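1. I would like to see how this sequence folds:
(chains A and B)
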Amino acid sequence: MPESLISARGLTKKYGDFTAVDAIDFDVAKGESFGLLGPNGAGKSTTMRIIAATSQRTSGSISILGRDPEEHGPQIRAHLGVVPQQDNLDGELTVTENLFIYGRYFGLSKKFIRNKIEELLDFAQLQEKRDSKVEALSGGMKRRLTIARALVSEPDILMLDEPTTGLDPQARHILWDRLFRLKETGVTLVITTHFMDEAEQLCDRLVVMDKGKIMAEGSPLELIKKYSTKEVLEVRFGSERNKEVAPVLRDMCSRIEELPDRILMYVEDGEALLEEIVAKKLHPTTSLVRRSSLEDVFLRLTGRSLIE
Amino acid sequence: MNSGINVTKIRARGAAYVAEARIAQMMKWKGIIAIVAIGNPLFYLVAIGIGIGVLVNENSGTSGTGGVEYITFIAPALLASAALTGALDEAMFPVMEGFKWRKLFYAINSTPINPGQIVLGVFIGALARVVFTVVCYWALLIAFGVVTISESWDVIPITIFAAGAFAAVIMGVTASVKNEDYFMTVLNRMIIMPMFLFSGTFFPLSSMPIFIQPIGWISPLWHATELGRYFSYGYSISSTMLVIHFGYLIGMMIVGFKLANQKFAERLAK
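-> A predicted model of the protein is given here:
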C-alpha cells in the first residue's frame, strides 16, 4: 500500500451544537489526487481547514505528514500549499511581490524565491503580468496566482478549496489543464468541489460528503458503477404532466428520480427505453440520453441535487 | 519535502517576515506617508505655533504655559499626536484588511507563521511608521529652533513608546470588531476627536473644568504629552505622576497585546 500522507479516523468538528464534520474516516496516499465532493455546507471546507492545521478538531484523530496538527501546526503547514475558496492576495502589490512575500513566510532565502518565481510565472502563464498590480488581474489570473503562490514553498500536498467556483468556462479549462500538469509531476492534491465535472476531471479518488458525513468513497468510475446505471434518460412532459406519467415510467425501469422540471430514468440502454416510451404514445416534449455522472451518484445517495 | 524550510528559524523570525511584508505594503503609500510626516508638522508649526502662539504670548505671556513660549509648550504635544495618528493608521487598517477586506491574515496563517507572530509583525510595522513620523517631526522642530538636540533627544523614544502602547490597544480593539463601518465612525468621531481636543494638547488639561479632565486621564495622548513636555523642556511633574504616566502606557501595551493575541488566534482558528 502506498505511503499515506493524510489519515483521519472518527474526525469530528463541532461548533456549539452544530456538527460540521461528523466522525469521518479517510486516507490520502502520496501522489494521489483526492476529492471531497458535496453541496455547500457539507463540511468540506471545515475538513480542509483541519487538514491545513489552522482549525482544530473537536474529537477523533488525524495525522498529516505523520504529525498531529494539534501539536505540530507550523511543521505541517511548512509543507502544505493552501488555495482558499476566496483569493486572499494583496491587491495593492504586484504579482511578483505577492509571490515573494509569501515565500518569505516559509523562511525561504531571497535567492531561492527569486528563482522559484520565474518558474511559477511560467507555470501560471503570468509572465506578462509579472509587474501588474493584482487588483488589475482577471478572476482566472488571480486564481492561477493564488495557486502559484501556494506552490512557492514546493509543498508536499496542495489543497484547493473550490478551485474554479466563480470562473467562466474558458478560465476553468485553463486552470484544470494547469492542475492536471501538476498532478503529473507527482504533487498530492486535495480538492473540494461541488462541480461533478471537476471531480471527474481531477480526482483519482473521492469521497461524497453530505451533512458532515461521508456517504460513499471510490474513484469517479467506481462510484458511478456502484450507485448508478450506465445511462440516464432525461424526459420532460411539462410541469403539469410530469406527475401524471411518473407512475407509468416507474414501472419501465429499475429507478427514476422526479425533479421539479424533468424525470430521470436510470437504465443500461437509454435509446431503447425512449423507444418504448414513444411506443406507449407518451410523447415527452424533450428527451436526452446521457452517461451517468457523479451528479446521479449524489442524487441517489442523498435524494438531492448537488447544486440547489 | 522542501528541505530549505526550517521551522525553528521561522519560529524565531516569523514576526520579522510579517513586518517585512507590512513595510512593503507601506512603501506603496510612501508618497502620502512622507507628505503627512513632513506637511503635518509644517502646517501646525506655522499656523498654530507661530500664528496663535503670537496671540497667546502677546496677551498672557508665558503664564498660562508654565513659563515657556507657546510653541515650546505645544511642540511635544503635536509630536505625540502625530505619532499616535501614524500608529492608528498602521494598527487599524492592516487589521481590517487582514481579517475582512482582503483576508490577508488568513493567507499568512496557512504558512508556518502563528497568529501571535502576525500580531507582533503588524505591531513592528506600525512602529516603523511611527519612528519615521517622529524623526521627521523632531527634525523640523529643531529646524524651527523650537527645541535643541541635546535637550530633547529623549522625547523620541518616549513618544515612540506611547504610540506603540496606543497601537497595541487599537490592534486588539479592531480585531474584536465585526462591523467595521460603524466602528470606524464611532472611533473617529467619539474617541479620537475628543482625545485630541481634551488631552492638554493646546492648553494645560488642568485649565479645564474638573468634569472634563477625566477624558484626558484615560487618553494615551495626555500621558504621552505630559511625558513629552517633561523630557523636552523640563516641564515639572511629580514623581508620582511620572509613575502613573509610565504605568498607564505600559498597562495599555500589555492589555492591547493580550487582547490582540487572543482575538487574532480566535478569528484565525474559525
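
2. please count neighbours and contacts with C-alpha atoms only from this point.
-> Fine.

3. give me every residue in the stretch 101-250 of chain B lying close to chain A.
-> B:102, B:103, B:104, B:106, B:107, B:108, B:109, B:110, B:111, B:112, B:113, B:114 (CA under 8 Å from any CA of the partner chain).

4. what's the burial count for the second one?
-> The number of residues packed near residue B:103 is 19, by other CA atoms under 10 Å in any protein chain shown.

5. coming back round to it: mind checking which of the residues of the stretch 101-250 of chain B next to chain A are in helices?
-> Within these, residues falling in helices by DSSP state H are B:104, B:106, B:107, B:108, B:109.

6. of these, which is the most crowded?
-> residue B:107 (24 neighbours).

7. contacting residues for it?
-> Residues near residue B:107 by CA atoms under 8 Å, 6 or more residues apart in numbering or on different chains: A:88, A:89.

8. just name the shakiest helix or strand of chain A by mean pLDDT.
-> helix A:239-250 (a mean of 84; mean pLDDT, DSSP states H and E).

9. next, the buried residues of that one.
-> Going by neighbour count (16 or more other CA atoms under 10 Å in any protein chain shown), the buried part of helix A:239-250 is A:242, A:249.

10. now do stretch B:49-64
-> Judged by neighbour count using 16+ other CA under 10 Å, the buried positions of stretch B:49-64 are B:49, B:53, B:56, B:57, B:61, B:64.

11. kindly report the same for stretch B:141-153.
-> Within stretch B:141-153, judged by 16+ other CA under 10 Å, the buried ones are B:141, B:146, B:147, B:148, B:152.

12. how far off centre is that stretch?
-> Distance of stretch B:141-153 from the chain centroid (CA atoms, centre = their mean, to the nearest Å) equals 21 Å.

13. quick check: closest non-adjacent residue to the closest residue to chain A within the stretch 51-200 of chain B.
-> Closest residue of the stretch 51-200 of chain B to chain A, CA to the nearest CA: residue B:112 (4.1 Å). Counting by CA to CA, 6 or more residues apart in numbering or on different chains, residue B:112 lies nearest to residue A:74, which is 4.1 Å off, once chain neighbours are set aside.

14. what of residue A:304?
-> Using CA to CA, 6+ apart, the nearest residue to residue A:304 is residue A:298, at 7.1 Å.

15. how close does the one you found get to residue A:164?
-> Remark: distance between residue A:298 and residue A:164 (CA to CA, to the nearest Å) = 20 Å.

16. more neighbours: which of those two?
-> Higher neighbour count among residue A:298 and residue A:164: residue A:298, with 26 against 22, using other CA under 10 Å.

17. can you point me to the longest helix in chain A?
-> Longest helix in chain A, counting by DSSP H: helix A:169-184.

18. what about residue A:123, how many neighbours?
-> Close neighbours of residue A:123, defined as other CA under 10 Å, add up to 17.

19. is it true that it touches residue A:180?
-> No: judged on CA atoms under 8 Å, residue A:123 makes no contact with residue A:180 at a distance of 11.8 Å.

20. what touches both of the two?
-> With CA under 8 Å, 6+ apart, residue A:123 and residue A:180 have no common neighbours.

21. what's the helix or strand for whichever residue of chain A sits closest to chain B?
-> When scored by CA to the nearest CA, chain A has residue A:74 as its residue closest to chain B, at 4.1 Å. For residue A:74, the host element (DSSP states H and E) is helix A:69-77.

22. near chain B, which residues of the stretch 1-150 of chain A show up?
-> So far as CA under 8 Å from any CA goes, the stretch 1-150 of chain A lies against chain B at A:52-56, A:73-82, A:88-93, A:101-102, A:104-108.

23. now for the helix or strand hosting the residue nearest to residue A:304, which elements pack on it?
-> Assigned by DSSP H and E, residue A:298 belongs to helix A:294-302. If you count contacts as 3 or more CA pairs under 8 Å, 6 or more residues apart in numbering or on different chains; DSSP states H and E, helix A:294-302 packs onto helix A:196-202, helix A:220-227.

24. that one to helix A:220-227, inter-axis angle?
-> In terms of direction (axes from the mean of the first three to the mean of the last three CA atoms, to 10 degrees), helix A:294-302 departs from helix A:220-227 by 40 degrees.
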